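K.L.:
got a predicted model here, sequence first, then my questions.
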Amino acid sequence: MSDSSGVPPPTSLASSLKYIGPGLILTAGIVGTGELVATPNVAAQSGFDLLWLIILGCMVKVFVQVELGRYAVATGTPTLHMLDMVPGPRLKVGWMVWVFLPVFAAMISVVGGMLGGTAEVMNLAGIDASASTIAIVLGITLAILLGVGRYTLVERFSIGLVILFTLSTIFAVGALQFTDFKITTANIADGLKFRLPEDFSAAFAAFGIIGVGAAELIYYPYWCLEKGYAARVGDRDAGWRARAEGWMKVMKVDAFASLVLYTSATVVFFLLGAAVLHAKQLELSNEGLVTTLAHMYQESIGPLGFWIFLVGAFATLYSTAFAATAANARLMADVVPMFGLMKPTDDPETKAKRIKLFGALIPIYTTILYVVWPAPLTLILISGVGQAILLPFLAACALYLRHRKLSPELRPGMVWTTCLWLSGAALTFVGAWQLISRF
């Protein structure tokens, strides 16, 4: 926690807007593999039938996200240290941190899938080199940019590109209405009816990665801390509660603004995939992943759609790889000292150096992973499965913090707490299903 007396929170919604950012950083990463790959993959298999699940998958996790963010703002505690606080067996660290480790490996592996997908995009754009060679070059650029700490510029650029691609996807759905793949109100109505498919594996893998996935739930408190919410709350003095509640309101504005953005984007990608890929009986695979996805834009916009898709897919996949690697570097810099492999430190300069170090090392690992195992769709879905399994543990941590650790004067009311419990129940069901079906 900062030693300062804190900074008063903004007094209106309009003045709060300039302080939002953590959720939008996540949106730059979320509107990536979840929307571009996992969501159309579900749509290609099920058509419009699982539209309800896609919407639910985006909305249900925001309560856990805000609760983890609430504790971070109030106490300055990052997510992995929250997991370490949950009672239970300990071996150097708490049992939930041990549960996190294999999922973290899966979370990192998704970047290899992104690099592979980006390499395929560049091949289709006319780059005459193997996918492995292109992925190596992309991985090196990631390592250099993150190793020297050039995040802010790319962050802003990435958010802009993702927004433009999302807008082009919305246009593609509109243009689809003038083709044989027109989306009808009956399609939407069918998609909102509760029904369960025979094979739920792809849908639950998507559930773990769309919207705020487990990775983003873990990242979010870190971004809240970096954006200075907790530091502005300051020390416990006469005005501490008012400042804490005020900055938590800002955090909620950020979280729900990003919820609107990524839910809208996810639905648009799903509708496009259901209308085109399912109708044409096209399913995604490791071979020709990008070529298959491009059909969604070619059928709606025409030949120009292919090039719009290539530019948008490159921007989305590469920016997502960048944002995910930047976040994973922060997790590595936090978790390694917890195991005693580095000396714990509160020095900002030392932390920054460690983040840059891991920001350079992680792309090297993910590039090697893709070169050895060139299966981009599989690497992406592995991350989705792992994140779905982790979701109930994060929900349990959020509930523990809400009822046992958060200062009573900052605890949310009955309505919010009920929604948090319902969210936890839904995430537990998804995680249990993944464990049973996979193992």
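P.N.:
The structure has been received and is ready for your questions. Numbering: from 1, shown residues only.

K.L.:
so where do the helices sit in the stretch 251-400 of the chain?
P.N.:
Secondary structure of the stretch 251-400 of the chain (DSSP state H, counting those that start in this stretch): helices at 289-301, 303-338, 348-372, 376-400.

K.L.:
show me where the protein has strands.
P.N.:
Applying DSSP state E to the chain gives strands spanning 90-91, 93-94.

K.L.:
turn these into TSV, columns for mean pLDDT.
P.N.:
Formatted as TSV, the strands of the chain follow (pLDDT from 0 to 100):
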stretch	mean pLDDT
strand 90-91	94
strand 93-94	96
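
K.L.:
of these, flag the one that's most buried.
P.N.:
By mean neighbour count, with neighbours taken as mean count of other Cβ atoms under 10 Å, strand 93-94 ranks first of the strands of the chain at a mean of 20. Where C-beta positions appear, they are placed from N, C-alpha and C, glycine not excepted.

K.L.:
counting by contacts, list what that strand packs against.
P.N.:
In terms of contacts (3 or more Cβ pairs under 8 Å, 6 or more residues apart in numbering; DSSP states H and E), strand 93-94 is packed against helix 79-85.

K.L.:
so which elements touch the helix it packs on?
P.N.:
On a contact count with 3+ Cβ pairs under 8 Å, 6+ apart, helix 79-85 meets helix 62-75, strand 93-94, helix 95-124, helix 214-226, helix 303-338, helix 376-400.

K.L.:
and for Gly47, the neighbour number?
P.N.:
Gly47: 19 surrounding residues under other Cβ atoms under 10 Å.

K.L.:
tell me who's in contact with it.
P.N.:
The contact partners of Gly47, taken as Cβ atoms under 8 Å, 6 or more residues apart in numbering, are 274, 278-279.

K.L.:
need phi/psi at it.
P.N.:
Gly47 adopts backbone torsions of phi 70, psi -140, taken as degrees, to the nearest 10.

K.L.:
that one and Leu271, how far apart?
P.N.:
11 Å (Cβ to Cβ, to the nearest Å).

K.L.:
over to Met248?
P.N.:
In this view, Met248 and Leu271 are 34 Å apart by Cβ to Cβ.

K.L.:
quick one, which of the two is more surrounded?
P.N.:
Neighbours were counted for Met248 and for Leu271 using other Cβ under 10 Å; Leu271 has more, 26 against 23.

K.L.:
show me what contacts the more buried one?
P.N.:
By Cβ under 8 Å, 6+ apart, the contact set of Leu271 is 43, 48, 51, 173, 183.

K.L.:
what distance do you get for Thr166 to Thr266?
P.N.:
Relative to Thr266, and taking Cβ to Cβ, Thr166 is found at 10 Å.

K.L.:
how about the closest residue to Gly113 other than its chain neighbours, what does it touch?
P.N.:
Nearest non-adjacent residue to Gly113, counting by Cβ to Cβ, 6 or more residues apart in numbering: Leu379, 3.3 Å away. Residues near Leu379 by Cβ under 8 Å, 6+ apart: 109-110, 112-113, 116, 369-370, 373.

K.L.:
tell me the pLDDT of Leu379.
P.N.:
You'll see Leu379 listed with a pLDDT of 88.

K.L.:
Leu217 now?
P.N.:
pLDDT at Leu217 comes out at 89.

K.L.:
what number of residues lie near the residue nearest to it when sequence neighbours are not counted?
P.N.:
Excluding the flanking residues, the one nearest Leu217 by Cβ to Cβ, 6+ apart is Leu394, at 5.1 Å. Neighbourhood size, Leu394 [other Cβ under 10 Å]: 28.

K.L.:
likewise for Ala425?
P.N.:
12.

K.L.:
how close does it get to Pro392?
P.N.:
9 Å.

K.L.:
dump the strands of the chain to a markdown table, plus distance to Leu406.
P.N.:
Shown next, in a markdown table, are those (distance: least, Cβ to Cβ, whole Å):
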| stretch | distance to Leu406 |
| --- | --- |
| strand 90-91 | 22 |
| strand 93-94 | 18 |
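
K.L.:
dump the residue contacts of the nearest residue to Ala360 once chain neighbours are set aside.
P.N.:
Nearest in space to Ala360, with sequence neighbours left out and distances taken as Cβ to Cβ, 6+ apart, is Gly147 at 3.4 Å. By Cβ under 8 Å, 6+ apart, the contact list for Gly147 reads 356-357, 359-360.

K.L.:
what's the neighbour count on Leu56?
P.N.:
For Leu56, using other Cβ under 10 Å, the count is 16.

K.L.:
what does the one 10 residues further on give?
P.N.:
By the criterion of other Cβ under 10 Å, Val66 has 26 neighbours.

K.L.:
how about Val148?
P.N.:
For Val148, the neighbour count with other Cβ under 10 Å is 11.

K.L.:
ok, Leu381 next?
P.N.:
Number of residues near Leu381 (other Cβ under 10 Å) recorded here: 25.

K.L.:
one more: Phe63?
P.N.:
By other Cβ under 10 Å, 24 other residues sit near Phe63.

K.L.:
what's the pLDDT at it?
P.N.:
If you check Phe63, the pLDDT there is 94.

K.L.:
what separates it from Met85, distance-wise?
P.N.:
Separation of Phe63 from Met85 (Cβ to Cβ) stands at 19 Å.

K.L.:
and Gly112, by the same measure?
P.N.:
32 Å.

K.L.:
go on, Gly424?
P.N.:
Distance, Gly424 to Met85, by Cβ to Cβ: 17 Å.

K.L.:
neighbour count: the two, which is higher?
P.N.:
Using other Cβ under 10 Å, the more surrounded residue of Gly424 and Met85 is Gly424, with 23 against 15.

K.L.:
how many neighbours does the spatially closest residue to the more buried one that is not a sequence neighbour have?
P.N.:
Excluding its sequence neighbours, the residue lying closest to Gly424 (Cβ to Cβ, 6+ apart) is Ala395, at 3.6 Å. A total of 28 residues lie near Ala395 under the criterion other Cβ under 10 Å.
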